[in-house]
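Undergrad: could you work out the structure for the sequence below:
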Amino acid sequence: KVSAKVQENVASSSPLKQKIFQWAVDVARQALPDRLQETKPSGLLGLKLGLADKLVFGKIKARLGTNFEFAMSGGAPLSRDLAEFFWGAGIQIFEGYGLSETSPVLTVNAKGRVRLGTVGPAIPETELRIASDGEILARGPQIMRGYHNLPEQTAEAIDEEGWFHTGDIGEIDDDGFLKITDRKKEIIVNAYGKNVAPAPIENALKSSRFIGQAVVIGDRRKLLSALLVPDFDTLQAWAMQQGIDVDSTYALLGSEQVKALFKAEIEIVNEGLARYEQIRIWELLPADFTIETGELTPTQKIKRRVIHEKYSGVIDHLYEGSEPSKIERFATRGDLNVYGFRSGGAAWRPRHADFRSAGQVGQCLHPHSARRAGGSHRIPVSPTGYPLSGAGLGQGRQLRGRSRHRRDRRCDRSRVGRTGSQIGSAAVPILERVA
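TA: The predicted structure is shown next:
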């Protein structure tokens, strides 16, 4: 919230102040190693940092009060970008990790020994190890004796050697710093068997100043989706600057400008993700997740099961017709597979299927596809009707047909060429939108 407020104030300030702020952030990034070690950089960088503190960062720190020294972070992951911003600004945030069953600390970053992106090394007299399935195990004097009058649950949590099974997935680096990946029970296994940790993706989404809360959906699904709760203060301020009506939340979220804004924010996040981790479809929700409404725990953790049940209708609507039912090979090269499916109530397909303009295709479409949609092929689109990646053939690619491919009488023979024929830049189909 503090970071979002800072970004909002900067966005509404004059161009000169925006440039000064960006300059200060760049200087702080260069001085980050010194900030982490609580030393002052020498030379010109030291002079620049002193000026940046006076013009920008000192004002941010003043808002935290004169008695503020440092902050501790736990209960939820602190994104690395956010941590770098605050440390660069001279605001120390030490991230740690633990559970109620561990009274409650296992690891913590400390003064002079900070590694951003981790929750620090184990505290004294505490042992950590990673199980074969990636689960974090802990042993030490702070581990509970057991759950009161629940011997079976206690036996599941603490093994015979005294190791407490945290239920979290993580990794320990060579220097002993622990990095939390996700909750063991929250790992998404998609329809293709890929394991996806939702928390890092959700944190990346929440790094946008317009996104307050995010929940990634996709277990046993062929693609990932997200339920997004906007940061309404930031969004409304932006919308007012754009002349968008903010009196009705539903009208605001239904605005094409707002949809385009969130689409752009999601695409920025997707650039840093593996293809199977990318968010393909999403929905904006009109109200925050709260403890009172049952979506959050008292420690502000997401109750995924509750959200899945409460928003099951929204989730089902997102996935209606959005997942490819079958891979329809468009050419012989695996990286040019095109998936035909609908998304957001719309789909795309070639207006015509004459691909011979730059050489005949060496292989027919999937034999069964010619009997649907008049032999044309549907192209995947985003919720806003924008064709997704892979919707057209690449420029100037050469494809070799398979000699064993026989001409199927169900295929359009005009699109079946000789083995070794080529597809050039003119072979990109013209798309048309279909209902």
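Undergrad: now Thr297: closest residue in space, sequence neighbours ignored.
TA: Nearest residue to Thr297, sequence neighbours excluded (Cβ to Cβ, 6 or more residues apart in numbering): Lys303, at 6.2 Å. C-betas here are computed from N, CA, C, even on glycine.
Undergrad: I meant Phe232, not that one.
TA: Gly212 (7.2 Å).
Undergrad: report the contact partners of that neighbour.
TA: Counting by Cβ atoms under 8 Å, 6 or more residues apart in numbering, Gly212 touches 4, 206, 229-232, 288.
Undergrad: most neighbours of all the residues you listed, which one?
TA: Using other Cβ atoms under 10 Å as the neighbour criterion, Pro230 leads the contacts of Gly212 with 25 neighbours.
Undergrad: now do the buried residues in the longest strand along the chain.
TA: When the chain is parsed with DSSP state E, its longest strand is strand 164-172. Residues of strand 164-172 classed as buried by neighbour count (16 or more other Cβ atoms under 10 Å): 164-166, 168-170, 172.
Undergrad: looking at these, spot the one nearest Ala197.
TA: Ile169 (7.0 Å; Cβ to Cβ).
Undergrad: confidence score at that closest one?
TA: pLDDT, Ile169: 94.
Undergrad: quick one on the thing from earlier: wait, isn't the residue nearest to Thr297 in contact with Thr290?
TA: No - counting by Cβ atoms under 8 Å, Lys303 sits too far from Thr290 to count as a contact (10.9 Å).
Undergrad: which residues are in contact with both of the two?
TA: Contact criterion Cβ under 8 Å, 6+ apart; residues shared by Lys303 and Thr290: Leu296.
Undergrad: who's more crowded, these two?
TA: Higher neighbour count among Lys303 and Thr290: Lys303, with 16 against 11, using other Cβ under 10 Å.
Undergrad: Ile201: neighbouring residues, count only.
TA: Using other Cβ under 10 Å, Ile201 has 25 neighbouring residues.
Undergrad: next secondary structure element downstream of whatever helix or strand it lives in?
TA: If you go by DSSP states H and E, Ile201 is part of helix 198-206. Downstream of helix 198-206, the next assigned helix or strand under DSSP H and E is strand 211-217.
Undergrad: what mean pLDDT would you report for that next one?
TA: Mean predicted confidence for strand 211-217 is 96.
Undergrad: picking that back up, so how far is the longest strand of the chain off the chain centroid?
TA: Centroid separation between strand 164-172 and its chain, computed with Cα atoms, centre = their mean, to the nearest Å, is 21 Å.
Undergrad: other SSEs contacting it?
TA: Where contact means 3 or more Cβ pairs under 8 Å, 6 or more residues apart in numbering; DSSP states H and E, strand 164-172 is packed against strand 127-130, strand 135-139, helix 151-157, strand 178-183.
Undergrad: buried ones in the third one?
TA: Of the residues in helix 151-157, those scored as buried under the neighbour-count criterion (16+ other Cβ under 10 Å) are Ala157.
Undergrad: and what of stretch 260-274?
TA: Buried positions in stretch 260-274, judged by neighbour count with 16+ other Cβ under 10 Å: 261-262, 265-266, 269-270.
Undergrad: tabulate the residues you listed in a markdown table, adding columns for pLDDT and secondary structure.
TA: Converted to a markdown table, these look like this (pLDDT from 0 to 100; DSSP: H, G, I helix; E, B strand; the rest coil):
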| residue | pLDDT | secondary structure |
| --- | --- | --- |
| Leu261 | 97 | helix |
| Phe262 | 97 | helix |
| Glu265 | 97 | helix |
| Ile266 | 97 | helix |
| Val269 | 96 | helix |
| Asn270 | 97 | helix |
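Undergrad: I'd like to know how far Gln142 sits from Phe164.
TA: Distance, Gln142 to Phe164, using Cβ to Cβ, to the nearest Å: 10 Å.
Undergrad: how about Phe262?
TA: Using Cβ to Cβ, we find Phe262 at a distance of 40 Å from Phe164.
Undergrad: quick one: contacts for the residue most central in space within the chain?
TA: For the chain, Ile201 is the residue whose C-alpha lies nearest the centre (Cα atoms, centre = their mean; 2.6 Å). The contact partners of Ile201, taken as Cβ under 8 Å, 6+ apart, are 214, 216, 224, 226, 269, 273, 277, 279.
Undergrad: one more pass at 7 Å, please.
TA: Ile201 is in contact with 216, 273, 277, counting by Cβ atoms under 7 Å, 6 or more residues apart in numbering.
Undergrad: next, count neighbours for the first one.
TA: By that I understand Val216. Val216, neighbours per other Cβ under 10 Å, totals 26.
Undergrad: which residue is the nearest non-sequential neighbour of it?
TA: Excluding the flanking residues, the one nearest Val216 by Cβ to Cβ, 6+ apart is Pro198, at 3.9 Å.
Undergrad: tell me the pLDDT of Pro108.
TA: Heads up, residue 108 is Val, not Pro. 97.
Undergrad: returning to that earlier point: of all the helices and strands packed on strand 164-172, which lies closest to Lys194?
TA: So among the helices and strands packed on strand 164-172, strand 178-183 is nearest, using Cβ to Cβ, at 13.8 Å.
Undergrad: what about the closest one, average pLDDT?
TA: Average pLDDT, strand 178-183: 91.
Undergrad: next, the buried residues of it.
TA: Neighbour-count burial for strand 178-183 [16+ other Cβ under 10 Å]: 178-183.
Undergrad: paired strands for that strand, with orientation please.
TA: Applying DSSP bridges, strand 178-183 is found paired with strand 164-172 (antiparallel).
Undergrad: quick check: which element contains the residue lying closest to Leu284 once chain neighbours are set aside?
TA: If the residues on either side of it in the chain are set aside, Leu284 comes closest to Leu253, at 4.5 Å by Cβ to Cβ, 6+ apart. For Leu253, the element it lies in under DSSP H and E is helix 249-254.
Undergrad: just the buried positions in that helix, please.
TA: For helix 249-254, by 16+ other Cβ under 10 Å, it's 249, 252-253.
Undergrad: Asp288 contacts Val229, doesn't it?
TA: Yes - if you go by Cβ atoms under 7 Å, Asp288 and Val229 touch, sitting 5.5 Å apart.
Undergrad: hang on, isn't the residue nearest to Val216 packed against Glu186?
TA: Yes - under the criterion of Cβ under 7 Å, Pro198 makes contact with Glu186 at 6.1 Å.
Undergrad: have a look at the two and say which one is more surrounded.
TA: Neighbour count, other Cβ under 10 Å: between Pro198 and Glu186, Pro198 has more, with 23 against 19.
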